[in-house]
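**Student:** Mind folding the following:
(2 chains)
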Amino acid sequence: MSEIPILKVGPVLLVSVQTELNDRVATELQESLLTRIKATGATGTLIDITALDVVDSFIGRVLSETAKMARIMDTKVVLVGMRPAVAITLLEMGLDLPDVEAEGDVEAGLKALGYALRELAAENGEPTAPIGPRHQDTRRNGQI
Amino acid sequence: MDRFEISTEDDVVRARTAARRLAENLAFSLIDKTRIATAVSELARNTLVHGGGGRMVIGEAANGTTTGIRCTFTDAGPGIGDIDQAMTDGFTTNSSLGHGLPGAKRLMDEFKVESNVGQGTCVEVIKWK
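**Tutor:** Next comes the predicted model:
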């Protein structure tokens, strides 16, 4: 079982890596993720790596392989939040993460998977519209 | 000079965290900090996986008025038979991608590797500011 939580939001799995990734944790995440994809029939997976300040060749390979394996299982993986310095370093090392689609943030990643947050909420059976009066009031008062 | 034993995967993480911290203290740029931490991660993993464990010595380097970071990785593993081949992109003796040595070389300013088969390997890298 991976130390990193895998959240299910409708047909999408969401993983946010918030810890230092050693090789074992990275490999375990790959296994857990593929198991969850199989178990849930998820159509898309978002991996958020905003918190990672190092992506070396091993972590890069695990991410790239995970995306490739997921695609064989008919699931699209989108990597979001890669820091510019991390992207520059990977390219300088001669790695370009084949098979990985990347987007800037979670919202753009969801769009790339063909979903908006509202659609996901609807799939989960949550009310989507209209927004209740209490929320509207709060927003108008600028208290959010 | 600080010395780090490299015998577990967590030691690899500790080594790159220490390198990043030293780079921060020496006021390296954000991108250089990332280059240094990434190169150290590659080399520390090589020490662990190919060298069977070893140690990293990390400290400040000086050349006239220029400061830098020097990291030396030493193991007593099987050694590298053909260094030129090991420096080739994509060459690997195990399941890794073979980007460790050549990748680290590209990220640093100076790169030196000495290896004797059956005795071990020593890799020294420097990044100047």
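**Student:** Which element, helix or strand, includes B:Thr17?
**Tutor:** If you go by DSSP states H and E, B:Thr17 is part of helix B:9-25.
**Student:** meant to ask about A:Ala87, not that
**Tutor:** A:Ala87 belongs to helix A:84-93 when elements are defined using DSSP H and E.
**Student:** how close does the spatially most central residue of chain A get to chain B?
**Tutor:** Ranked by distance to the mean C-alpha position of chain A (C-alpha atoms, centre = their mean), the top residue is A:Leu46 at 2.0 Å. Spatial separation of A:Leu46 from chain B under the definition C-beta to the nearest C-beta, to the nearest Å is 23 Å. All C-beta spots, glycine's among them, are computed from the backbone N, C-alpha and C.
**Student:** show me where chain A has helices.
**Tutor:** With DSSP state H as the criterion, chain A has helices at A:23-40, A:57-72, A:84-93, A:106-112, A:117-123, A:133-140.
**Student:** For B:Thr65, find the nearest of the ones you listed.
**Tutor:** Taking C-beta to C-beta as the measure, these were each checked against B:Thr65, and helix A:84-93 came out nearest at 26.0 Å.
**Student:** Which positions in chain B make contact with chain A?
**Tutor:** Within chain B, the positions adjacent to chain A are B:9-10, B:12-13, B:16-17, B:20, B:30-31, B:33-35, B:37-38, B:41-42, B:45, B:89, B:96-97, B:99-100, B:102-104, B:106-107 by C-beta under 8 Å from any C-beta of the partner chain.
**Student:** Of these, which belong to helices?
**Tutor:** The helices in this structure, assigned by DSSP H, contain B:9-10, B:12-13, B:16-17, B:20, B:30-31, B:33-35, B:37-38, B:41-42, B:45, B:100, B:102-104, B:106-107 from the residues of chain B next to chain A.
**Student:** Could you pull up the contacting residues of the most centrally placed residue in chain B?
**Tutor:** With the centre of chain B defined as its mean C-alpha position, the nearest residue by C-alpha atoms, centre = their mean is B:Leu43, 3.4 Å away. With contact taken as C-beta atoms under 8 Å, 6 or more residues apart in numbering or on different chains, B:Leu43 is in contact with B:56, B:71, B:73, B:100-101, B:104, B:123, B:125.
**Student:** what's the farthest-apart pair in these?
**Tutor:** Among the contacts of B:Leu43, the pair separated by the greatest distance (C-beta to C-beta) is B:Met56 and B:Leu101, which sit 15.2 Å apart.
**Student:** Look at these two and report which has more neighbours.
**Tutor:** Counted by other C-beta atoms under 10 Å in any protein chain shown, B:Met56 and B:Leu101 do not tie: B:Met56 has more neighbours, with 26 against 23.
**Student:** For the more buried one, list the residues it contacts.
**Tutor:** With contacts taken as C-beta under 8 Å, 6+ apart, B:Met56 has the following neighbours: B:3-4, B:6, B:15, B:40, B:43-44, B:47, B:71-73.
**Student:** Mind telling me what element the residue nearest to B:Arg70 when sequence neighbours are not counted is part of?
**Tutor:** Counting by C-beta to C-beta, 6 or more residues apart in numbering or on different chains, B:Arg70 lies nearest to B:Ala61, which is 4.0 Å off, once chain neighbours are set aside. Taking DSSP H and E as the definition, B:Ala61 sits inside strand B:54-63.
**Student:** Next up, the contacts around B:Asn25.
**Tutor:** Taking C-beta under 8 Å, 6+ apart as the criterion, B:Asn25 is in contact with no other residue.
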